[in-house]
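Trainee: Just the structure for this:
(2 chains)
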Number of protein chains: 2
Amino acid sequence: MHNKKIDKGHPVILTVDVVLLTLTKDLLQVALQKRDKEPYFGQPALPGGYVHAEEDIDSQAAARRVLREKLGLISPYLEQLYTFASATRDPRGWSASISYYALLPHEAIAAQQSDRLLFLPADDLPQLPFDHNRIIDTAVKRLRDKSTYSALPCHLLPELFTLSELQQTYEQILGHPLDKSAFRRKISDLGFLEATSKTRKGVHRPAQLHRIKPANKLILFNRTI
Amino acid sequence: MHNKKIDKGHPVILTVDVVLLTLTKDLLQVALQKRDKEPYFGQPALPGGYVHAEEDIDSQAAARRVLREKLGLISPYLEQLYTFASATRDPRGWSASISYYALLPHEAIAAQQSDRLLFLPADDLPQLPFDHNRIIDTAVKRLRDKSTYSALPCHLLPELFTLSELQQTYEQILGHPLDKSAFRRKISDLGFLEATSKTRKGVHRPAQLHRIKPANKLILFNRTI
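Mentor: Numbering: from 1, shown residues only, chains lettered A, B, ... in the order given. You can find the predicted model right below:
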């Protein structure tokens, strides 16, 4: 499947890599998978792989395939991050990694645990193969930058959540506490949430459950492209 | 130079394309070059080309080479935009274009005019080859989005400029007028400008010339990566 010759083709490696982020134990965690081939056999690295020219209609489809085949995940939030492309990032030769980042609530990936899959804190990683540390740093920075003006963090929560849970999620991403009334005012100004009729039992009184307005999802999450 | 075989190489085309934007006649204009080979011979398209695996250290270097070789430009502002990668965007086969956008003051490119180079209004383009319309639309949207919170538009001005010229530039990019006092307050809040001792003769009194604080350039212009 990978051997078809195109006359004008170039001796370059084209891959996609996916930075899957989630929140567990109050920390932003990244999914790593022990590599099952050389180079860097056995070392934890980002899930990724070659673009399959005869199977993937585009790079986004290639990233979705990686998530499906390697992590068993169907449709988390997925956005192109950056393309890391150089003569030196891969010992096999000139290589381009079209990198994506994906967000998923912890609950949705708890069932995906396997021997080869591990989650490590995104801010405290060992030295990883290739330039994967740099790719992850770029994804975390993008998520933090976007969190200051968008509904993006909602993808790390289940469909229904309280405003306190939402604030906690923003705080865990940003790494610092937020003022409650300023936070609620800002969320209200952004206007992407709607209250539901459901509640969750709280310490003092039941807390109302919220969700993202369905019509707003695309607008809010796809600002860059 | 393009025939070296890498065992794990893929039958894909890897190119860089550059969206060079400038302001002339109050409009955002994009540099297009008549193609000197098939496909789409003779049609205006974005300056671009294959990554040269043995010459380009990374994709940014490839984009700089394209600017230098095709447009004779040395170092305008250059930032990775997005990677357009699919089975269908290029009639030659599965193709990835790592796209960049560049900004340059009109004065700096006036000398680069040639038979094959033309500038067309970025918001009013004919149908271009490949997915170049989509690439340009993405670049213009990125520039507009970033203009609302950064010093990016300064790259479309000469080194020294008046605050009125700066406001005009923002207005031309955003496509609508801005309130003068609100604009000056915002620019002052962003804190990226410094006044110089030079002035330019105005209608009523001399207008002070400003420039970007040298120390701020990198911080302000490279927020995404």
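
Trainee: Name the single longest helix found in chain A.
Mentor: Scanning chain A for the helix with the most residues, using DSSP state H, yields helix A:132-147.

Trainee: Now do the same for the spatially most central residue of chain A: helix, strand or coil?
Mentor: In chain A, the centroid-proximal residue (Cα atoms, centre = their mean) is A:Ala102; its distance is 2.3 Å. Classification of A:Ala102 using DSSP: H, G, I helix; E, B strand; the rest coil returns strand.

Trainee: as a whole number, average confidence for the helix or strand containing A:Thr22?
Mentor: A:Thr22 belongs to strand A:13-24 when assigned by DSSP states H and E. Mean pLDDT, strand A:13-24: 95.

Trainee: Sheet partners, orientation included, of it?
Mentor: Neighbouring strands of strand A:13-24 in its sheet, by DSSP bridges, are strand A:27-34 (antiparallel), strand A:48-50 (antiparallel), strand A:95-103 (parallel).

Trainee: just these: most buried one?
Mentor: strand A:95-103 (a mean of 25; mean count of other Cβ atoms under 10 Å in any protein chain shown). For every residue, glycine as well, the C-beta is placed using N, CA and C.

Trainee: For the closest residue to A:Lys213 other than its chain neighbours, give the beta-bridge partners.
Mentor: Spatially, and ignoring its direct neighbours in sequence, A:Lys213 is nearest to A:Glu194 (4.9 Å; Cβ to Cβ, 6 or more residues apart in numbering or on different chains). Beta-bridge partners for A:Glu194, by DSSP bridges, are A:Arg211.

Trainee: if I look at A:Glu194, how far off is A:Leu103?
Mentor: 20 Å (Cβ to Cβ, to the nearest Å).

Trainee: still on that earlier bit, got the angle for the longest helix of chain A vs strand A:95-103?
Mentor: 40 degrees (axes from the mean of the first three to the mean of the last three Cα atoms, to 10 degrees).

Trainee: Any part of helix A:132-147 near chain B?
Mentor: Yes - against chain B, helix A:132-147 shows contacts by Cβ under 8 Å from any Cβ of the partner chain at A:Thr138, A:Arg142, A:Asp145.

Trainee: can you pull out the strands in chain A?
Mentor: Counting by DSSP state E, chain A has strands at residues A:13-24, A:27-34, A:44-45, A:48-50, A:77-86, A:95-103, A:117-121, A:193-200, A:207-212.

Trainee: where does chain A dip in pLDDT?
Mentor: Scanning chain A for pLDDT under 70 picks out A:1-10, A:110-113, A:215-225.

Trainee: mind giving me the domain ranges of chain A?
Mentor: Domain assignment for chain A by automatic domain parsing gives A:13-147, A:152-221.

Trainee: And the first one, end to end?
Mentor: Using Cα to Cα, to the nearest Å, the end-to-end distance of domain A:13-147 comes to 33 Å.

Trainee: Single out the most deeply packed of the domains of chain A.
Mentor: Note that of the domains of chain A, domain A:13-147 is the most buried (mean count of other Cβ under 10 Å), with a mean of 18.

Trainee: residues contacting A:Ile173?
Mentor: Going by Cβ atoms under 8 Å, 6 or more residues apart in numbering or on different chains, A:Ile173 touches A:Leu23, A:Leu28, A:Leu143, A:Arg144, A:Ser147, A:Pro153, A:Leu156.

Trainee: ok, so of those, who is nearest chain B?
Mentor: A:Arg144 (11.5 Å; Cβ to the nearest Cβ).

Trainee: Surely that closest one is in contact with A:Leu174?
Mentor: Yes - assessed by Cβ atoms under 8 Å, A:Arg144 is found in contact with A:Leu174 at 6.1 Å.

Trainee: quick one, the strand holding A:Thr22 and strand A:77-86 angle?
Mentor: For strand A:13-24 against strand A:77-86, the angle by the same axes, to 10 degrees is 140 degrees.

Trainee: if we can go back for a sec, want to try CSV for the domains of chain A, with distance to B:Ile57 as columns?
Mentor: As requested, the domains of chain A are exported to CSV (distance: least, Cβ to Cβ, whole Å):
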stretch, distance to B:Ile57
domain A:13-147, 5
domain A:152-221, 33
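
Trainee: Nice, that's everything, thank you.
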